[in-house]
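# With the input below, show me the fold.
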Amino acid sequence: MVLKKFKYKKVSSTNEIAMQKIRQGYKSGVIISDKQTRGRGQHGKKWISNKGNLFFSIFFIINKKIQISRLVISNLRIIKKILSNYIKSKIKIKRPNDITVNKKKICGILNETLFYNDLKFLVIGIGINIVSSPNIRGYPTTNLNEVTNRRVSKTKLLNKIIKAFDIKIK
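Coordinates of the predicted model:
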């Protein structure tokens, strides 16, 4: 299955747009935006969407009986594996939904489900700090360019992640 890409300059939230696409009849896809005005994190927290960082959501149909907690870990592992191709430092999964490098957050994932037309959809919102690190009180952050000491291509990183998820959901 090839995930259809929907690209935007600015959205409220890539997860929100993914849910709109589901309601419009799309079964799967990727929502990509340069900016989010109301990005969301876990437990209603705000996701800080600094310019130049990567924000996107992948959505697809899942089995109604599958446990979301298992998918969350699986999704984190996919991102961790791809980031390990860039980063030499220790990368860790910080439950419930973050990836850290040297104890600093570099990625957050928000998994949400939507039931529509008797189907269960998984919407995976992914934010990766590429060029800048948001200032979060009590939670150190970092970015890919800082950790790697080089300029990482947002497009190439995104395509690697999409390919990995495309293979996963076939």
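# Could you find the closest non-adjacent residue to residue 92?
Once flanking residues are discounted, residue 92 sits nearest to residue 100: 5.1 Å by CB to CB, 6 or more residues apart in numbering. C-beta: built from backbone N, CA, C; applies to glycine.
# Look up which helix or strand that neighbour falls in, please.
In this assignment (DSSP states H and E), residue 100 forms part of strand 98-101.
# Could you list the buried residues of whatever helix or strand comes next after that strand?
Once the chain leaves strand 98-101, the next helix or strand it forms, by DSSP H and E, is strand 104-116. Neighbour-count burial for strand 104-116, counted by 16 or more other CB atoms under 10 Å, picks out 104, 105, 106, 107, 108, 109, 110, 111, 112.
# Give me the nearest residue to the fourth one, chain neighbours excluded.
Right, residue 107. Nearest one to residue 107, counting by CB to CB, 6+ apart, is residue 99 at 4.0 Å.
# The buried residues of strand 104-116 into CSV, with extra columns for pLDDT?
Shown next, in CSV, are those (pLDDT from 0 to 100):
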residue, pLDDT
104, 94
105, 93
106, 95
107, 94
108, 91
109, 92
110, 92
111, 92
112, 92
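# which one of the residues you listed sits closest to residue 147?
residue 106 (7.0 Å; CB to CB).
# Make sure the closest one is actually in contact with residue 83.
Yes - using CB atoms under 8 Å, residue 106 is in contact with residue 83, at 7.1 Å.
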